[in-house]
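Q: any chance you can model this:
(chains A and B)
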Number of protein chains: 2
Amino acid sequence: MDGARRRREEDPDALAQRVLAGDRRAVARAISLAEDEHPGAPRLLEILYPHAGRARTLGITGPPGVGKSSLIAALCTLLRAREQTVGVITVDPSSHITHGALLGDRIRLVEHFLDTGVYIRSMGTRGHLGGVAEATLLAGVIVDASGRDVLLYETVGVGQSEVEVAGLADTVALVLMPGSGDSIQALKAGVMEIPDVIVVNKADHPAIERTRAELAQVLSLADPERRPVVVETVATAPSGVDELWAAVEAHQAGLAAAGDLDERRKAQLRSELLALATARTARRLGEALDVSPDLAGLVDALAERRIDPLTAVARLLERA
Amino acid sequence: MDGARRRREEDPDALAQRVLAGDRRAVARAISLAEDEHPGAPRLLEILYPHAGRARTLGITGPPGVGKSSLIAALCTLLRAREQTVGVITVDPSSHITHGALLGDRIRLVEHFLDTGVYIRSMGTRGHLGGVAEATLLAGVIVDASGRDVLLYETVGVGQSEVEVAGLADTVALVLMPGSGDSIQALKAGVMEIPDVIVVNKADHPAIERTRAELAQVLSLADPERRPVVVETVATAPSGVDELWAAVEAHQAGLAAAGDLDERRKAQLRSELLALATARTARRLGEALDVSPDLAGLVDALAERRIDPLTAVARLLERA
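A: All right, here's what the predicted structure looks like:
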């Protein structure tokens, strides 16, 4: 890329116009600016945000290995057959640890790489989790503003932080498989939030009967008003994918009919706002702890029990 | 309890002296002050903290239903037979959701309730997660300062925040069982941190062979220097519990011999310090968002796309 072109691409106003026109290269560049916290990113967002919010959104979460990427590939095929354009944003918190152990999953999306109707972006963690949450939110705004009909967020995980990312969407689907005993126990114990839709993928596995029974038992305890639909799929066949998409549409139609959609979006925006502000604060505190002369030795003093934890917290908050 | 007695118990200096003397009622009262963020709590901590740090500590984490509480009961029996006093601090993030669905687990500890050599405290979540982390840290200091030989932290969970709590200990044991496919996949994908010791409980289950094979495969990928010992137990028999405790002692002896113990403790204290400070900031930001006239309407403006997320975050941080 020559210098003149790079400069043009980094002018946020011009870049925003190209994103709004649906230019895929501009979308990619804009997301990179957001990830890199480029000085132009705030201006870019300011222009794009009013144009976002039109895509139908789905968050897909669940433990590794259950076939989320295969399911997304199958959803892309289904949506493209219906002439819908799709954006996929995947967040992989493990990428810096295992150096691509999950790459095999990504390969299932390859068949869509050449289709301009599907835009796929994988968010790296670049070291700090707060940064990923922020970059993912911004990437969603950018892809949405570029005019995609459907926006899919995929997060790999088993805990709660990935639910926050999935919570950028109007519907959250938890993907499990036969043998997902830990996740079912976590739902039962209330440690994992009950999603809007539960997908049991790899439903052709013999252990499906047991998973069905366990899920039925867990869901019998859930609030009947908010009991999720369970859909069984075999993403690689594919089978059940139509039913999954119908469940997503039905969930969103239900939210709209009940007048709950705005309230849900506001609650999500409130928690996103707090999460981003908190993540920024956490980074600032961590940096202060490393570089501020006032705070040098605070951890040592704590380790040597010359200062107690509450006093140390107060000092950090006061001086950072 | 009459008024005079309550007042005496809430004088932090007097209460601290009774904690240091090992008075169980004083320990219970001190933890309640910490949980309730009583104005006397900081003073209490200031006195007790220099006296803590002598107990041998073990964090026990893992998904619900694997038998962590049975294992703790068995460890208490083993340790009492060796004339060690024990403190157990359990954190149950689900208690406010399922209204005691996990109570069955707690019952396994009942046999130790009448033994003054075992002190058991369950930390409720009282609404905010940051508060639990802080109260748990303080409870650990209090129980440790009361002179217990061994301190066990139990956290129910499948994600990363519970690892932070378990990280208060010198050794972290992850408890799994045959059928813990999701957790094993999470270890493999690097989404869940590799612990110091892996316990496969309910090892008399026929699916143990498969779990053994899966774990062996996962651990073959781990850094050989930090590859955890795997111990198989049947907590209710009990069997394997001696081996588990031997593994914990060996891990800590290894840390000490390598000169890594101080470094590990400092790294843990640094992240605890940051986590507590961040949690406090998050609460302050949330409260500001709810009550500050300057911030009224910020979420509405975001929902109506009159302000973009980065500008909203900046405004929240500036005015909170």
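Q: quick one, strands of the stretch 1-150 of chain A?
A: A:56-61, A:86-91, A:118-123, A:150-155 (DSSP state E, counting those that start in this stretch).
Q: out of these, flag the one nearest chain B.
A: Minimum separation from chain B across those (Cβ to the nearest Cβ) falls at strand A:150-155, 9.9 Å. In short, each C-beta sits where N, CA and C put it, glycine included.
Q: direction included, what does that closest one pair up with?
A: strand A:56-61 (parallel), strand A:86-91 (parallel) (DSSP bridges).
Q: and those strands: which comes nearest B:Leu71?
A: strand A:56-61 (29.2 Å; Cβ to Cβ).
Q: not counting its own residues, what contacts the closest one?
A: The contact list for strand A:56-61, computed with Cβ atoms under 8 Å, 6 or more residues apart in numbering or on different chains, reads A:68, A:71-72, A:75, A:140, A:144, A:149-157, A:162-163, A:165-175, A:195, A:248-249, A:252.
Q: filter the residues you listed down to the buried ones.
A: Buried by 16 or more other Cβ atoms under 10 Å in any protein chain shown: A:68, A:71-72, A:75, A:140, A:144, A:150-157, A:162-163, A:165-175, A:195, A:248, A:252, out of these.
Q: A:Ala135 and A:Ser32 touch, don't they?
A: No. A:Ala135 is beyond contact range of A:Ser32, at 9.5 Å (criterion: Cβ atoms under 8 Å).
Q: higher neighbour count, the two?
A: Higher neighbour count among A:Ala135 and A:Ser32: A:Ala135, with 24 against 15, using other Cβ atoms under 10 Å in any protein chain shown.
Q: so where's the stretch 201-320 of chain A uncertain?
A: In the prediction, the stretch 201-320 of chain A carries no residues with pLDDT under 70.
Q: might you name the residue of it sitting closest to chain B?
A: A:Asp308 (3.8 Å).
Q: tell me how far A:Arg82 lies from A:Trp245.
A: 9 Å (Cβ to Cβ, to the nearest Å).
Q: neighbour-wise, which of the two wins?
A: Set A:Arg82 next to A:Trp245 and count neighbours by other Cβ under 10 Å: A:Trp245 wins out with 20 against 9.
Q: will you turn the strands of the stretch 1-150 of chain A into JSON lines that also has mean pLDDT and distance to A:Ile47?
A: What follows is the strands of the stretch 1-150 of chain A, written out as JSON lines (pLDDT from 0 to 100; distance: least, Cβ to Cβ, whole Å):
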{"stretch": "strand A:56-61", "mean pLDDT": "94", "distance to A:Ile47": "21"}
{"stretch": "strand A:86-91", "mean pLDDT": "92", "distance to A:Ile47": "18"}
{"stretch": "strand A:118-123", "mean pLDDT": "90", "distance to A:Ile47": "19"}
{"stretch": "strand A:150-155", "mean pLDDT": "93", "distance to A:Ile47": "19"}
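Q: distance to B:Gln185 added to those, as TSV?
A: Output for these, formatted as TSV (distance: least, Cβ to Cβ, whole Å):
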stretch	distance to B:Gln185
strand A:56-61	14
strand A:86-91	17
strand A:118-123	19
strand A:150-155	15
